[in-house]
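Colleague: Would you be able to build a 3D model of this:
(4 chains)
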There are 2 protein chains.
Amino acid sequence: MNDDKRYEFRASIFKALANPLRLRILEKLSEKPWCVCALAAELHTDKSIISKYLSQLREVGLVEDEKRGTLVEYRLVAPCVLQAVSCAEQTIAEHKKRILGELDSLESPEQKG
Amino acid sequence: MNDDKRYEFRASIFKALANPLRLRILEKLSEKPWCVCALAAELHTDKSIISKYLSQLREVGLVEDEKRGTLVEYRLVAPCVLQAVSCAEQTIAEHKKRILGELDSLESPEQKG
DNA sequence: GAGTAATGTTGCAATGTTGACAAACAATAG
DNA sequence: CTATTGTTTGTCAACATTGCAACATTACTC
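Modeller: Predicted structure coming up:
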């Protein structure tokens, strides 16, 4: 795989993650497999949207589906992505804390050392 | 922070990551701090685009900047995000391998059990 | 088989967002 | 004042989001 493709591929994964509702779907799928209609009811969203979003997630390989009669059961394939979310969130919280600390030291300019 | 905001916040992080060039920038910043002009030269891209992309990354807290004369030095704040990239990529590679395996077993339908 | 209900997927249209490029503008060093 | 470095703005095309309607598939009943 060439370099450009590699980066586009990675970006496409994050593009699939770059939506609040899709993140909710993934979090639900991290608990157990869900069908479209159950997710639609759970998340108070039209089934067509849930179906489309699940397709997007499937295209980049984050979830997989399996037919069960009239149902289509979706399951999470890449659970480490959710860890990535909390990692990023945590790091950014740290960052903001640091910024606030810098503001504090500006307000009390006396130096201790 | 309420629930909706939390998910939108997470999504905004992934939105910032959902671009091949921004991923290249982050990878460069994982080596060392870079200024805008050096990144623009390295990545053969207009400085206005690099500047805008760095702003996006800064807004979600993935990088931070520091002025040095006429230069503005950017550094990575959340290096674990890069691990997230390779994690996702790896998992998806596994997924594709599995799909190919299933296709193979369809082509040779004899079962071993 | 025909009819019906439940579940998913796809197409369309309106609206909003993002991307890329060029040009103008701002800030700093000398 | 000039050169260097960064940021912002304007424009236009491309893409994303949302809700609704239409269609497809399966299971069940008669």
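Colleague: what pairs with the strand or helix carrying A:Glu73, and is each one parallel or antiparallel?
Modeller: Element membership for A:Glu73, per DSSP states H and E: strand A:71-76. Take DSSP bridges as the rule and strand A:71-76 pairs in its sheet with strand A:34-35 (antiparallel), strand A:63-68 (antiparallel).
Colleague: Identify, out of the ones you listed, the most deeply packed stretch.
Modeller: Across the strands paired with strand A:71-76, averaging neighbours per residue (mean count of other CB atoms under 10 Å in any protein chain shown) puts strand A:34-35 on top, at a mean of 21. Using the backbone N, CA and C atoms, a C-beta is placed for each residue, glycine as well.
Colleague: Is that strand in proximity to DNA strand D?
Modeller: No. Strand A:34-35 stays clear of DNA strand D (CB under 7 Å from any atom of the strand), getting no nearer than 12.8 Å.
Colleague: re earlier: wait, which of the strands paired with strand A:71-76 is closest to DNA strand C?
Modeller: Evaluated with CB to the nearest atom of the strand, those place strand A:34-35 nearest to DNA strand C, the distance being 2.8 Å.
Colleague: how far out from the middle of the chain is the closest one?
Modeller: 18 Å (CA atoms, centre = their mean, to the nearest Å).
Colleague: any bit of whatever helix or strand comes next after it sitting next to chain B?
Modeller: Counting by DSSP H and E, the element after strand A:34-35 in chain order, helix or strand, is helix A:36-42. No. Residues of helix A:36-42 contacting chain B under CB under 8 Å from any CB of the partner chain: none, with a closest distance of 13.6 Å.
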